[in-house]
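In: Let's see this in three dimensions:
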Amino acid sequence: MQTSVLEVKGVKKGFKKFHFGPMNFELEQGMIVGLVGANGSGKSTFLRLLMSILKEDDGEIWFFGQNSFDDQSDYKEKIGYAGELLEGYDFLTIKGIKNLISHWYPTWNEEKFTELVKRYRIDIDEKFSKCSKGTKKKIDFIFALAHDPQLLLLDEPTAGVDIVSQGKMKEDLIAFMETGERSIVLATHTVDEVNQLCDEIIVMNQGRITNTFYKDEIHDNWGRIWVSHLTGKVKNHPNVIQYEVNPPQIVTNDVSNVEDVLQAEQITINQSQRLSMEEVLEFLIEQE
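Out: Next comes the predicted model:
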């Protein structure tokens, strides 16, 4: 039986030139959900609302069955967040930041922190302000993992990180999920991360969820079909995402259903091809 780790109910947040929500979302234990969308689509805003860095105007957020409004709740101790929160500690060394942050978490794992610092080649005596963008991302990631959380909220954790460290981060996230009792929300622009890590994908645009699907549905449902000709019924079918007339072809998010329609319209299928994750995400993001 699956257990809900996170519930978001009707959350809204208004800004001068941007409106977020209403957002409804649920994350089950053992799942990795990928947030994708163009720059400015609301992914980072969503994660910041979850962490109470931003205060919602309306709605409710529940972690592990606890309302985030409850000041007595210990839910934050179970969450690891990587999203550029450490900039305010620029004047401290990495060791200094660790000494400060470790006091906030009863489950702080010093052995794991030491292991991760070595794995990612971090000089803990260096000031945070002197670190490169990629190194800061790795430090963010280490602090997110070092207190043995049950839930990770990651805002583009590999952006600007070297290729070798990106591979290590993916390995560490896979290891993090091995027990089947942990969960991740991952905002990303990287198709490889979606393919290798995510179970479910959420597409965001202008502060709202526009599409939600499981990764396995991509290969089963999405395809490009070259046909003998097109009819108005095919062009206007809700499962036809795009069509071209020269040569006649369509992109669909339900190959089986559209093939039945083509047969009923007496249209010959000349060739068909399944779409990759990258192609599907391009269609979904560009459509918005």
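In: Specify the beta-bridge partners of the residue lying closest to residue 83 once chain neighbours are set aside.
Out: Nearest residue to residue 83 in three dimensions, chain neighbours excluded: residue 155, at 3.7 Å (Cβ to Cβ, 6 or more residues apart in numbering). Every residue, glycine included, has its C-beta placed from N, CA and C. Judged by DSSP bridges, the bridge partners of residue 155 are residue 187.
In: Surely residue 155 and residue 184 touch.
Out: No. Taking contacts as Cβ atoms under 8 Å, residue 155 lies outside contact range of residue 184: 11.8 Å.
In: for this protein, which spans come out with low pLDDT?
Out: Scanning the chain for pLDDT under 70 picks out 1-2, 70-73, 288.
In: All the strands of it, residue numbers only.
Out: Secondary structure of the chain (DSSP state E): strands at 4-14, 19-28, 32-36, 58-63, 66-67, 79-82, 151-155, 183-187, 200-205, 208-214, 223-227, 240-245, 248-252, 269-274.
In: Save those as a markdown table, and put in mean neighbour count and distance to residue 171 too.
Out: Below are the strands of the chain laid out as a markdown table (neighbours: other Cβ atoms under 10 Å; distance: least, Cβ to Cβ, whole Å):
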| stretch | mean neighbour count | distance to residue 171 |
| --- | --- | --- |
| strand 4-14 | 18 | 23 |
| strand 19-28 | 18 | 22 |
| strand 32-36 | 24 | 14 |
| strand 58-63 | 17 | 27 |
| strand 66-67 | 14 | 31 |
| strand 79-82 | 23 | 16 |
| strand 151-155 | 23 | 14 |
| strand 183-187 | 25 | 14 |
| strand 200-205 | 20 | 21 |
| strand 208-214 | 15 | 23 |
| strand 223-227 | 20 | 32 |
| strand 240-245 | 15 | 35 |
| strand 248-252 | 21 | 34 |
| strand 269-274 | 13 | 28 |
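In: Residue 90: which of those is closest?
Out: strand 79-82 (17.1 Å; Cβ to Cβ).
In: Which strands border the closest one, and is each parallel or antiparallel?
Out: strand 151-155 (parallel).
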